[in-house]
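Asker: A predicted structure for the sequence below; I have some questions about it.
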Amino acid sequence: MKIRVAGCSGFCFGVRRAINIADSALKDLKSGEKVYSLGPIIHNPQAVDRLFKKGLQVITDLKKIKGGTVIISSHGAPVKALENIKKKGIKLIDATCPFVKYAQHIVRGLKKQGYRIIIVGDNSHPEVKALKSIAGKDIKSKKIGIISQTTQNRSNYIEEIKKILLKEDFNEIKVFNTICNDTLKRQLAARRLLKDCDLVIVIGGKNSANTRRLWQICKESGVDTFHIETELELEKKWFKGKVCAGITSGASTPDSMVKKIIERIRRF
C-alpha cells in the first residue's frame, strides 16, 4: 500500500510562532513564577500537554489569578479579557496569529465606518468570540461588511456570502477574504490527495476548527476518512484492501505526530 502525505502539513506559521513565544516565556521561568495561557494556546492537546509539563497553566477565568504572566492564545482574546488583564497589572504576552490580527484590524475599521459586521465562522470558537467582541453590538445599517474566520472552508464562505446577498437589505457591501493562506493551501492539498487515495487520515485536535474542515472536505468526497489525534487511534482494519492512504494534518499538528502515524501505518 502506498502512503501519500499532503504537501502542506505540520505546524502553520501562526501556531509555530505561538509555540515559540510560549517556550521562550517558560525558558527563563524563575522559582515561584506563574505563566498562564488564556484558553489552550493552540488547539492540539498533545502540544498543550507538553507546554503544561514545562509550567504553562491553561486558565479560562481571569478571576482565579492575581499575578504572573498571561499569554494570549493564537486565536486572540475578547476585548473585555484584555482590559481585565491590564487592570490587574498582570504581564501580558500576545501570541495572537498575525492573520487573526489582520481580521481584527478589518473589523475595527468597519465598525469605525458604521458598517454592520457579519462574521462567517463557528460561533463558539475563541477567534470568532474575539472578533465579535471587537465588532460590538449589532447595529442597524444598510452598509454591510463581511469577513470570515481565518480557518473557514473557502467554498462554504462563498455559499454564505451568496445567502447574505439574497437575504439582507443593503445599499453597500464590502467582502473581505480573511481566510489565511495556510488554510487555503491545506484544503487544496487535501483535495489533491483525494484524486489518488482510497483512504485519508486527518491528523489534529478534535477541538481544531481547521482540522475539522479538512475532515469534512475529505469525508464529503466519499473517500473513507478518519480524524485522529495520535497514532494509538489507528485501526488496522481501516487499511484492509486499500491501495493508497493519504495523510493530511491540521495547522496545530506537530510534524513529529505526522511521522509517528506514518511509522505505525507502515508497521501495519
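Answerer: Perfect, thanks for sending it.
Asker: hey, where'd the helices end up in the stretch 51-200 of the chain?
Answerer: 79-88, 98-112, 126-135, 154-167, 181-196 (DSSP state H, counting those that start in this stretch).
Asker: now for the first one, which elements pack on it?
Answerer: When you say that, I think you mean helix 79-88. Judged by 3 or more CB pairs under 8 Å, 6 or more residues apart in numbering; DSSP states H and E, the packing partners of helix 79-88 are strand 91-94, helix 126-135. Bear in mind the C-beta positions are built from the backbone N, C-alpha and C, glycine included.
Asker: Now do the last one, average pLDDT.
Answerer: The reference is to helix 126-135. On average, the pLDDT along helix 126-135 is 97.
Asker: Identify the residues contacting it?
Answerer: 39, 73, 75-80, 100, 103-104, 107-108, 110-111, 117, 119, 121-122, 147, 149-151, 209 (CB atoms under 8 Å, 6 or more residues apart in numbering).
Asker: Please identify the most buried of the helices of the stretch 51-200 of the chain.
Answerer: helix 126-135 (a mean of 21; mean count of other CB atoms under 10 Å).
Asker: Just want the angle from that one to helix 79-88.
Answerer: 80 degrees (axes from the mean of the first three to the mean of the last three CA atoms, to 10 degrees).
Asker: Using JSON lines, please lay out the helices and strands packed on helix 79-88 together with distance to Trp238.
Answerer: Formatted as JSON lines, the helices and strands packed on helix 79-88 follow (distance: least, CB to CB, whole Å):
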{"stretch": "strand 91-94", "distance to Trp238": "41"}
{"stretch": "helix 126-135", "distance to Trp238": "32"}
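Asker: Minimum distance to Asp255: which of these has it?
Answerer: Closest approach to Asp255 among these (CB to CB): helix 126-135, 23.4 Å.
Asker: From the chain's centroid, how far away is the closest one?
Answerer: 14 Å (CA atoms, centre = their mean, to the nearest Å).
Asker: so Gln104 makes contact with Gly76?
Answerer: Yes - assessed by CB atoms under 8 Å, Gln104 is found in contact with Gly76 at 6.4 Å.
Asker: Overlap in contacts, the two.
Answerer: By CB under 8 Å, 6+ apart, the residues touching both Gln104 and Gly76 are Thr96, Ala130, Leu131.
Asker: coming back round to it: will you turn the helices of the stretch 51-200 of the chain into a markdown table that also has distance to Lys237?
Answerer: Output for these, formatted as a markdown table (distance: least, CB to CB, whole Å):
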| stretch | distance to Lys237 |
| --- | --- |
| helix 79-88 | 45 |
| helix 98-112 | 39 |
| helix 126-135 | 36 |
| helix 154-167 | 32 |
| helix 181-196 | 21 |
